[in-house]
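> Okay, here's the prediction I keep looking at, along with the sequence it came from:
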Amino acid sequence: MKRKTSQEESKQAGEKKSKETSEEFVREHCPDHQRHRRTFRLGVSVAAALAFPDRQLIGGHSVGEGYWYCFNGEKDISDSDVKKIQSGLDSLIENDEKINKVSKSFKDTLAVLKASKQVHAASLIQTVVQETIDLVECKGQCRLRLYTLFDSMGALRNTGHSTDIRKYRNGFIAYYGKDYQDHSPIGDSIADVIRWGTDCNVRSIGELNQLNVDKGAAGRQEFILQSEFRQEQKLTKIAAIIRKRNQNPDKSTHVRVLCIAGPTSSGKTTFAHKLSIYLQNHGYVSKPLTVDHYYLDLADQPVMKATGDRDKVDYDSIEAMDVPLVNKHINQLIAGDKIQAPIYCFKTGNRIGGTPFELPQGGILVCEGIHALNPDYTAGLDPANVFKIYISPLSGLQVDDFNALKTTNHRLLRRMTRDYLFRAHSASRTLQMWSNVRRGEHRYIFAHQNNADFVMNSACEYEIAVLKTFTYPILNCVTPDDKNFQRGRELLKYLDLIAPWPERAVPATSVFREFIGDGAFDKH
């Protein structure tokens with residue numbers, strides 16, 4: 001496989017950033033952005049049900065700026081099927097079909113869901129039982145009322161988005177904009193975890209809840225171990241790939257630097273330490289270097305120089321990093337030199353000395369941080385000597401049949417738990433900073449994910465149930481006069497769907513322990 005040069009990767013990242021400009025603008029300036037997305041998914045599900053009432057639509061997994069759906073049990077979908085769903089969606093929007101709020105008894109709702117083949121929605125309401133169920137209805141089609149939606153489908157015309165559908169994998173992708181840029185590695189990872197969940201008979205939140213009811217502590221323990229063993233298999237696979245590369249007589253292809261990057265709360269630090277041990281078990285001395293300590297001193301921060309306001313310093317921006325020093329140190333380490341790895345104090349905003357660091361002869365440097373895939377970090381190295389891993393928690397669980405567990409919410413709850421336990425931050429404070437975190441991810445991190453050699457899914461499907469145990473009480477402390485109150489209420493409503501699990505069965509070696517503590521690799 002031909003490897004891209006740093007210049008080619010930088011060019012591609014710039015093109016990706018340019019393509020995302022309009023979407024980013026809407027994300028930052030359109031208050032109804034989330035409502036649009038949710039109404040869009042409703043419209044897709046209604047259009048598909050009206051066009052094909054005897055087929056079971058499932059999906060809603062986010063892949064890039066689109067949502068992936070398929071018909072359950074079908075390996076492909078025809079072009080004419082896609083056109084029929086697109087035509088139906090266009091008709092719903094053009095005719096401004098109303099979205100009505102309705103409520104039905106538990107018995108009547110269950111009957112409606114089963115009749116319309118909404119198996120995951122039916123599973124959910126049977127594990128979170130209420131006497132009366134809130135629904136939405138559009139053109140005779142009923143769905144669970146999970147989110148706030150527009151009052152009619154015609155509202156989708158007024159937000160600056162196009163609403164297009166095209167064939168994708170075994171189904172179709174419903175997306176925004178004129179051109180859809182595929183994120184194949186992310187799609188592959190989601191498809192993989194969906195297959196695994198199907199094998200384990202845990203495909204949705206409802207089935208996760210039911211596992212807790214049917215099998216109790218023993219069932220939880222078994223599923224946690226299954227989830228963890230799956231992650232261990234991924235680590236073994238990566239180590240085997242590196243070993244194969246480094247056994248090649250042609251040393252020009254040997255891996256010298258492993259770069260691990262991903263958005264916040266992906267588990268980069270713990271994963272880097274675990275992977276180093278796996279590599280050592282394969283005979284390769286490796287050492288992790290956290291480049292997130294390579295921030296510029298406060299006085300050298302571009303924003304600080306321009307405004308004098310420390311609160312405006314964006315620590316998720318590549319501009320906050322001392323990129324030349326990162327590049328210099330990586331090249332020195334590969335050359336066999338010793339360095340002083342900086343230690344950064346977030347309280348003062350300055351470096352407070354350094355730690356002696358050197359790489360054993362012939363060793364592999366494991367470099368981790370949110371910007372570690374930026375090609376400027378490894379400039380001067382042969383791309384053939386660099387192996388890039390993109391890490392993020394990607395769930396395959398359905399909420400209902402047309403909405404999947406959201407990766408962003410998963411990471412937010414991880415971050416909220418860690419912030420509360422180890423940084424004494426309230427839920428409100430985490431919510432307050434989240435929009436800036438997300439903005440930085442779209443600008444500086446996601447642009448490089450398609451250049452990764454391997455996508456590591458750091459999520460275990462049981463996590464959301466354990467995260468509820470930690471986050472539900474602190475979210476309930478966000479008061480009505482707090483500007484983050486509505487977002488907090490939204491997360492609480494989301495967590496109301498999930499049965500809580502205790503954390504005691506989570507292994508000490510789990511990547512997840514990075515967020516809940518008591519882990520073998522704790523670096524808090």
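Perfect, thanks for sending it. Since the model is a prediction, treat every value here as computed from it, not as a measurement.

> What is the burial count for Asn327?
19 (other Cβ atoms under 10 Å). In short, each C-beta sits where N, CA and C put it, glycine included.

> Local confidence estimate at it?
For Asn327, the pLDDT comes out at 95.

> what does Asp311 give?
The model's pLDDT for Asp311 equals 81.

> Check Asp453 too.
95.

> can you tell me how far it sits from Cys259?
Distance, Asp453 to Cys259, using Cβ to Cβ, to the nearest Å: 9 Å.

> Between the two, tell me which one has more neighbours.
Cys259 (26 against 19).

> Without its sequence neighbours, what residue ends up closest to the residue nearest the centre of the chain?
Centroid-nearest residue in the chain: Thr407, 3.6 Å away (criterion: Cα atoms, centre = their mean). Computed as Cβ to Cβ, 6 or more residues apart in numbering, the closest residue to Thr407 that is not its neighbour in sequence is Leu394, at 5.8 Å.

> need the contact list for the residue nearest to the centre of the chain.
Shown in contact with Thr407 (Cβ atoms under 8 Å, 6 or more residues apart in numbering): 62, 392-395, 459.

> And the strands in the stretch 351-500 of the chain?
For the stretch 351-500 of the chain, the strands defined by DSSP state E, counting those that start in this stretch cover 364-368, 386-392, 454-457.

> what's the closest of these to Val82?
Proximity to Val82 (Cβ to Cβ) singles out strand 454-457 among the strands of the stretch 351-500 of the chain, at 26.4 Å.

> I'd like to know which elements the closest one is packed against.
If contacts are counted by 3 or more Cβ pairs under 8 Å, 6 or more residues apart in numbering; DSSP states H and E, strand 454-457 sits against helix 184-200, helix 205-246, strand 386-392.

> what do you get if the cut-off is 10 Å, keeping everything else the same?
Counting contacts by 3 or more Cβ pairs under 10 Å, 6 or more residues apart in numbering; DSSP states H and E, strand 454-457 is packed against helix 184-200, helix 205-246, strand 257-261, helix 268-281, strand 386-392.

> Pull the distance from the shortest one to the chain's centre.
In this view, strand 257-261 has its centroid 18 Å away from the chain centroid, taken as Cα atoms, centre = their mean, to the nearest Å.

> do the same with the last one
Taking Cα atoms, centre = their mean, one finds the center of strand 386-392 at 14 Å from the center of the full chain.

> domain parsing for the chain?
Domains of the chain are assigned by automatic domain parsing as 31-182, 205-516.

> would you turn those into a markdown table with distance to Asp188?
Below are those laid out as a markdown table (distance: least, Cβ to Cβ, whole Å):
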| stretch | distance to Asp188 |
| --- | --- |
| domain 31-182 | 9 |
| domain 205-516 | 7 |
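
> Quick one: closest of the ones you listed to Arg195.
domain 205-516 (8.1 Å).

> roughly how far out does that closest one sit from the chain middle?
Remark: domain 205-516 is offset 10 Å from the chain centroid, using Cα atoms, centre = their mean.

> show me where the stretch 1-150 of the chain has helices.
Ranges of helices in the stretch 1-150 of the chain, per DSSP state H, counting those that start in this stretch, are 6-19, 21-29, 33-51, 79-94, 106-115, 119-127.

> and those as CSV, adding distance to Phe515?
Output for those, formatted as CSV (distance: least, Cβ to Cβ, whole Å):
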stretch, distance to Phe515
helix 6-19, 29
helix 21-29, 25
helix 33-51, 24
helix 79-94, 38
helix 106-115, 34
helix 119-127, 25
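
> Would you tell me which of these gets closest to Glu232?
Set against Glu232 and scored by Cβ to Cβ, the helices of the stretch 1-150 of the chain come closest in helix 119-127, at 28.2 Å.

> Span of stretch 193-209 from start to end?
Taking Cα to Cα, to the nearest Å, stretch 193-209 runs 18 Å from one end to the other.

> How about Gly380: what's its closest non-neighbour residue?
Asn331 (5.1 Å).

> To which secondary structure element is the one you found assigned?
helix 323-334 (DSSP states H and E).

> buried sites along that helix?
By 16 or more other Cβ atoms under 10 Å, the buried positions in helix 323-334 come out as 323, 326-327, 329-330, 333-334.

> of the residues you listed, closest to Tyr294?
Relative to Tyr294, the closest of the buried residues of helix 323-334 is Val326; by Cβ to Cβ it sits at 4.9 Å.

> Let me see the contact set for that closest one.
Val326 makes contacts with 289, 291, 293-294, 342, 367, 369, 371-372, 374, 376-379, as judged by Cβ atoms under 10 Å, 6 or more residues apart in numbering.

> next one: His293
Contacts for His293 (Cβ under 10 Å, 6+ apart) come out as 321-322, 326, 341-346, 351, 354-355, 369.

> please redo it, this time with the cut-off set to 7 Å
341-344 (Cβ atoms under 7 Å, 6 or more residues apart in numbering).

> Tabulate those residues in JSON lines, adding columns for secondary structure and distance to Met433.
Output for the contacts of His293, formatted as JSON lines (DSSP: H, G, I helix; E, B strand; the rest coil; distance: Cβ to Cβ, whole Å):
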{"residue": "Ala341", "secondary structure": "strand", "distance to Met433": "26"}
{"residue": "Pro342", "secondary structure": "strand", "distance to Met433": "23"}
{"residue": "Ile343", "secondary structure": "strand", "distance to Met433": "23"}
{"residue": "Tyr344", "secondary structure": "strand", "distance to Met433": "18"}
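
> hang on, the earlier thing: now tabulate the helices and strands packed on strand 454-457 in CSV and tack on distance to Val102 and mean pLDDT.
Output for those, formatted as CSV (distance: least, Cβ to Cβ, whole Å; pLDDT from 0 to 100):
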stretch, distance to Val102, mean pLDDT
helix 184-200, 31, 95
helix 205-246, 21, 96
strand 257-261, 46, 97
helix 268-281, 45, 95
strand 386-392, 37, 97
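
> Ok, which of the ones you listed comes nearest Thr163?
In this view, these are compared for proximity to Thr163 by Cβ to Cβ, and helix 184-200 is the closest at 20.1 Å.

> neighbouring contacts of that closest one?
Helix 184-200 is contacted from outside by 61, 63, 68, 169, 203, 223, 226, 230, 390, 394-397, 449-450, 452, 455, 457, 461, using Cβ under 7 Å, 6+ apart.

> Below-threshold pLDDT in the protein: ranges please.
For the chain, applying pLDDT under 70 flags the ranges 1-31, 159-161, 177-178, 523-524.

> Go again with 50.
1-7, 9-30 (pLDDT under 50).

> Which stretches in the stretch 401-524 of the chain count as helices?
Using DSSP H, counting those that start in this stretch, the helices of the stretch 401-524 of the chain run over 407-423, 427-444, 463-475, 485-495, 513-516.

> can you redo those as a markdown table with distance to Gln210?
Shown next, in a markdown table, are those (distance: least, Cβ to Cβ, whole Å):
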| stretch | distance to Gln210 |
| --- | --- |
| helix 407-423 | 20 |
| helix 427-444 | 29 |
| helix 463-475 | 12 |
| helix 485-495 | 17 |
| helix 513-516 | 24 |
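
> now for those helices, which one comes closest to Arg243?
Once the helices of the stretch 401-524 of the chain are compared by Cβ to Cβ, helix 513-516 is nearest, at 26.0 Å.

> Which neighbouring elements make contact with that closest one?
The contact analysis (3 or more Cβ pairs under 7 Å, 6 or more residues apart in numbering; DSSP states H and E) places helix 513-516 against helix 268-281, helix 407-423.
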